[in-house]
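Asks: turn this into a structure:
(one chain, ligands or ions: 2)
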Amino acid sequence: MAQIIAIANQKGGVGKTTTAVNLAASLAVLKKRVLLVDMDSQGNATMGSGIQKNDLLYSVTDVLLGEVPIETAITKAEVGYKVLGANRDLAGVELAIAEQDGREFILREALKEIDHSFDYIIVDCAPSLSLITVNALAAVHGVLIPMQCEYYALEGLADLTQTIDRIQQALNPDLKIIGVLRTMYDARNALTRDVSEELEQYFGKKLYDTVIPRNVRLAEAPAHGLPIIFFEKSSKGAVAYLNLAAEMVKKSKVQKGMTA
Ligand SMILES: Nc1ncnc2c1ncn2[C@@H]1O[C@H](COP(=O)(O)OP(=O)(O)OP(=O)(O)O)[C@@H](O)[C@H]1O
Ligand SMILES: [Mg+2]
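Replies: Ligands and ions are numbered 1, 2, ... in the order given. Down below sits the predicted model:
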């Protein structure tokens, strides 16, 4: 059965989508079977995987509206993993399902149909706590939180952990933070180092050893519809995301009681 992970942070622009796309690609390089689910109507994870969001025959919207089985809506990307894509249609779903029974569990039920076919399912969330994000958090085993090491990152942290606690209590008893990732990291910056230390104290072992450096190649790759590993595999960004994937695989083996 797949390990299902949401990439979430209510704060915008912290590297959620960059992490979702590049982690999916790096896990695929490690021979894992990966599905990337785009739960953001911006469709950035879809585009960053080389799939034209406006040409999708079916998207995650159709799955949430119950119009097609999830297998039908999944596309094979050229980049080693599969994608359940999104586009602006997703913005209308919230209203359409608002009154429906079990509205928080639509994604969870859909993923049950296909989770045996994957090792990892990575769910990219939007920077808001909509019913769409609630669907994502109700469907996953854990949350990976990307964080930029800046002062305001810590301010948003309480909100985020509170949200996760609330969803854990009300909808998904299994939900936990599986890891916190430092993104756009600049070791020369004193504030980055200070915030990083605070994160170490706050999260302990949950903080990934791997840090993602600020790397212009990571910002350029999406315009080419490519994860960094296919865009410039020797870049610092590519190496960092491969290290993250390896660290994650190792951690989940340890959790399952296997030797790494
Ligand atoms: N490590 C990095 N180095 C340089 N640029 C980065 C890095 N990570 C992300 N970026 C750039 O920062 C911007 C925000 O990143 P991204 O879209 O991944 O954030 P997000 O959290 O998904 O944003 P949103 O909240 O809007 O969904 C993008 O332009 C992206 O290319
Ligand atoms: Mg995003």
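Asks: other SSEs contacting the helix or strand containing residue 197?
Replies: Here residue 197 sits within helix 190-203, counting by DSSP states H and E. Judged by 3 or more CB pairs under 8 Å, 6 or more residues apart in numbering; DSSP states H and E, helix 190-203 is in contact with helix 151-170, strand 176-185, strand 207-213. Just so you know, the C-beta spots here come from the backbone N, C-alpha and C atoms, and that holds for glycine as well.
Asks: pick the most buried one from these.
Replies: Stretch with highest mean neighbour count among the helices and strands packed on helix 190-203: strand 176-185 (a mean of 21; mean count of other CB atoms under 10 Å).
Asks: now it: average pLDDT?
Replies: For strand 176-185, mean pLDDT is 96.
Asks: related to what we said a few turns ago, for the helix holding residue 197, give me every contacting residue.
Replies: The contact list for helix 190-203, computed with CB atoms under 8 Å, 6 or more residues apart in numbering, reads 147, 149-151, 153-154, 157, 177, 180, 182, 185-187, 207, 211.
Asks: if we use 10 Å, what do you get?
Replies: 145, 147-154, 157, 161, 177, 179-182, 184-187, 189, 206-207, 211, 214 (CB atoms under 10 Å, 6 or more residues apart in numbering).
Asks: strands of the chain, residue ranges please.
Replies: Per DSSP state E, the chain carries strands over the ranges 3-7, 34-39, 74-76, 82-84, 120-125, 142-148, 176-185, 207-213.
Asks: which stretch among the ones you listed comes nearest ligand 2?
Replies: strand 120-125 (6.1 Å; CB to the ion).
Asks: and the closest one, does that touch ligand 1?
Replies: No - using CB under 6 Å from any ligand atom, strand 120-125 never reaches ligand 1; the gap is at least 7.0 Å.
Asks: what about the residue nearest to residue 110 when sequence neighbours are not counted, how many neighbours?
Replies: Nearest residue to residue 110, sequence neighbours excluded (CB to CB, 6 or more residues apart in numbering): residue 70, at 4.4 Å. Neighbour count of residue 70, defined by other CB atoms under 10 Å: 21.
Asks: and the pLDDT for residue 70?
Replies: 98.
Asks: list the contacts of it.
Replies: Applying CB under 10 Å, 6+ apart, we find residue 70 in contact with 35, 37, 58, 60, 62-63, 84, 107, 109-115.
Asks: at 8 Å what do you get?
Replies: Counting by CB under 8 Å, 6+ apart, residue 70 makes contact with 63, 84, 110, 111, 113, 114.
Asks: what's the burial count for the fourth one?
Replies: Counted with other CB under 10 Å, residues neighbouring residue 111 total 21.
Asks: pull the residues that contact the helix or strand of the chain with the lowest mean pLDDT.
Replies: Ranked by mean pLDDT, DSSP states H and E, the weakest helix or strand in the chain is helix 151-170, scoring a mean of 88. Around helix 151-170, the neighbours that count as contacts under CB under 8 Å, 6+ apart are 8-11, 14, 129, 134, 137-138, 143, 145, 147, 174-177, 191, 195, 198-199, 202.
Asks: pLDDT value on the residue in the stretch 151-260 of the chain that ligand 2 sits nearest to, please?
Replies: Here the residue of the stretch 151-260 of the chain nearest ligand 2 is residue 222; by CB to the ion that distance is 10.3 Å. If you check residue 222, the pLDDT there is 97.
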